[in-house]
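Enquirer: Please find the sequence and the predicted model below.
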Amino acid sequence: MRLRRSLLMITLLAVPGPLCLADGGFIPVFEGVANTADQRAIIIDRGDAETIVLQTGYEGDASDFAWVIPLPVLISAQDAIATADPAVFDALDGMTAPRYLGGRYEATGLCGCSGSESSGRLDAGVTVWETLRVDGYDVAVLSAEQSSDLGAWLSANGYRLPSGSDATLQYYVDRQWYFVALKIAPTPRGNIGGGPPAGGGEDLRPVVLTFETSQLVFPLRISRVSTRNRAEVLLYIIGTHRAEGDNYATAEVQTPARWAGHDFPATYDRWLEDTLSDAGGRALVVEYAGWAPEYLFGGAAFAGLDLAGDTWYVTRLRTRLTPAQMDADIMLTAAASDEGFEVVVGDAYAFVRGSSLLAMVALAGVQGLVLRSRQGRRMAAGSLLCALLIALL
């Protein structure tokens, strides 16, 4: 009995060790981006419509924050604008993020609307289709004939934009697009109703927009007005097929199958930069492509996004662009095949260690079950001790 208890304790000690030490991950840093325009989005393909979940951040005082999102069609803010649980990004990142196996390093519900006013009234050259408050945001749906009128209206109504925005706004005005303008609604204590305080560098609650479209689009060009040097964009496309860029080159990130080092995030960053360079510097880099497990979209984080119960394909795309490279919105289309792709990098030592560990645990199991003698149990205990030593190396 004493020996059996020892075997059990050795097994409990040995098995978790390699699982914890060998499973690392590259977690992208997401910072407040009022000036750098780093942003991430979930784009859901609904056939004849698109749902886009957008998240950004801000720097400075909340009263200076403004977020203008161009859309190709007019939407009803009451029905088509909401917010989402930020955990949706964590859930997708956990499934799709590039991973390093073998290293020991430090890895770095929809809410309702209220107070809607729908008029389609003309105000100083700008048509105000609707205004309302959505979970701590003041929202206005607008259109205009001239970017100067639009910029003047936004400034007069507390939606502050960087100087030099007229040319980019005119790009959308010329295409007869509409604009969803958001700012943080004032509150007595400076909070945004469950969101971050009005400080700086804060992540804001993701905004959800649903609109009719014949092709998936990510309105990127607008980001050049708030991008100083270079911005990073991370997209998760959820649909019935693998996605790729239609007007942007698409390339799978190039990584070695084996790597041994001590700073996987920095090393992966170089691989990403090399992939972008090889693709001409203006490209969408595939970091993951595959069918999502059925349980994923049934979680509480995805409540209200209407994804549960169906089979979905997830494509993870990343890019880094200068303002000059943001000359067009990102248009997306179905890839030629639904071949899966993921980044899992390990070093040879980790694979040898893992294989040896599994072999010793299996041997101990065989010895304990087949050799039912005292000598067999001693041999099993010795094998498990070897497995423990391998895990600790």
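Expert: Nice, thanks for sending it over. Keep in mind the model is a prediction, meaning the values are calculated, not measured.
Enquirer: who touches the nearest residue to Ile42 once chain neighbours are set aside in this structure?
Expert: Excluding the flanking residues, the one nearest Ile42 by C-beta to C-beta, 6 or more residues apart in numbering is Val53, at 4.0 Å. Backbone N, C-alpha and C define where each C-beta goes, glycine included. By C-beta atoms under 8 Å, 6 or more residues apart in numbering, the contact list for Val53 reads Ala41, Ile42, Ile43, Ile44, Ala84, Val88, Pro206, Val207, Val208, Leu305.
Enquirer: Could you spell out the sheet neighbours of the strand or helix carrying Val53, each with its direction?
Expert: Val53 belongs to strand 49-55 when assigned by DSSP states H and E. According to DSSP bridges, strand 49-55 forms sheet pairs with strand 39-45 (antiparallel), strand 207-212 (antiparallel).
Enquirer: most tightly surrounded among the ones you listed?
Expert: strand 39-45 (a mean of 21; mean count of other C-beta atoms under 10 Å).
Enquirer: which outside residues touch that strand?
Expert: Outside strand 39-45, the residues touching it (C-beta under 8 Å, 6+ apart) are 30, 33, 50-56, 88-89, 92, 216, 218, 223, 231, 233-240, 243, 305, 307, 332.
Enquirer: which of these are buried?
Expert: In terms of neighbour count (16 or more other C-beta atoms under 10 Å), the buried residues within these are 30, 33, 50-56, 88-89, 92, 216, 218, 223, 231, 233-239, 243, 305, 307, 332.
Enquirer: Out of the residues you listed, list just those in helices.
Expert: Judged by DSSP state H, those include Val88, Phe89, Leu92 as members of helices.
Enquirer: these two touch, right, the second one and Thr56?
Expert: When you say that, I think you mean Phe89. No: here Phe89 does not reach Thr56: they are 11.8 Å apart, not a contact under C-beta atoms under 8 Å.
Enquirer: wait, what's in contact with Thr311?
Expert: Contacts of Thr311 by C-beta under 8 Å, 6+ apart are Thr240, Trp291, Ala292, Glu294.
Enquirer: Can you give me the distance of it to Leu154?
Expert: Separation of Thr311 from Leu154 (C-beta to C-beta, to the nearest Å) stands at 42 Å.
Enquirer: and if you look at Glu212?
Expert: 25 Å.
Enquirer: Turn the contacts of Val53 into a markdown table, columns for distance to Lys183.
Expert: As requested, those are exported to a markdown table (distance: C-beta to C-beta, whole Å):
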| residue | distance to Lys183 |
| --- | --- |
| Ala41 | 20 |
| Ile42 | 23 |
| Ile43 | 24 |
| Ile44 | 25 |
| Ala84 | 19 |
| Val88 | 23 |
| Pro206 | 16 |
| Val207 | 12 |
| Val208 | 17 |
| Leu305 | 24 |
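Enquirer: just curious, which of those residues is nearest to Val139?
Expert: Set against Val139, the nearest of those by C-beta to C-beta is Val207 (8.7 Å).
Enquirer: got a list of what the nearest residue to the closest one once chain neighbours are set aside touches?
Expert: Excluding its sequence neighbours, the residue lying closest to Val207 (C-beta to C-beta, 6+ apart) is Leu54, at 5.1 Å. Each residue near Leu54 by C-beta under 8 Å, 6+ apart is listed here: Gln39, Ala41, Ile69, Pro206, Val207, Val208, Leu209.
Enquirer: for the residues you listed, which one is nearest Thr168?
Expert: Nearest to Thr168 out of the contacts of Leu54 is Ile69 (C-beta to C-beta; 12.7 Å).
Enquirer: rewinding a little: hmm, which of the contacts of Val53 is lowest in pLDDT?
Expert: Ranked by pLDDT, the contacts of Val53 bottom out at Pro206, which scores 89.
Enquirer: could you check the distance from it over to Val126?
Expert: 26 Å.
Enquirer: Equivalent analysis for Ser337, please.
Expert: 46 Å.
Enquirer: ok, now Trp291?
Expert: Taking C-beta to C-beta, one finds Trp291 at 45 Å from Val126.
Enquirer: What about Ala266, how many residues nearby?
Expert: By other C-beta atoms under 10 Å, 11 other residues sit near Ala266.
Enquirer: For my notes, confirm it occurs in a helix.
Expert: Yes: counting by DSSP: H, G, I helix; E, B strand; the rest coil, Ala266 is part of a helix.
Enquirer: what about the helices in the stretch 101-250 of the chain?
Expert: Ranges of helices in the stretch 101-250 of the chain, per DSSP state H, counting those that start in this stretch, are 147-156, 166-174.
Enquirer: Any chance of a markdown table for those, columns distance to Ala300, mean pLDDT and mean neighbour count?
Expert: A markdown table is the format used below for the helices of the stretch 101-250 of the chain (distance: least, C-beta to C-beta, whole Å; pLDDT from 0 to 100; neighbours: other C-beta atoms under 10 Å):
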| stretch | distance to Ala300 | mean pLDDT | mean neighbour count |
| --- | --- | --- | --- |
| helix 147-156 | 36 | 91 | 18 |
| helix 166-174 | 36 | 93 | 18 |
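Enquirer: Neighbour count: Trp291 and Val126, which is higher?
Expert: Between Trp291 and Val126, Val126 has the larger neighbour count (other C-beta under 10 Å), namely 23 against 12.
Enquirer: ok, so what distance separates the residue lying closest to the more buried one once chain neighbours are set aside from Glu342?
Expert: Among residues not flanking Val126 along the chain, Trp153 sits closest, at 4.2 Å (C-beta to C-beta, 6+ apart). Per C-beta to C-beta, Trp153 is found 46 Å from Glu342.
Enquirer: same check, this time on Ile43
Expert: For Ile43 relative to Glu342 (C-beta to C-beta), the value is 19 Å.
Enquirer: next one: Val128
Expert: Distance from Val128 to Glu342, counting by C-beta to C-beta: 46 Å.
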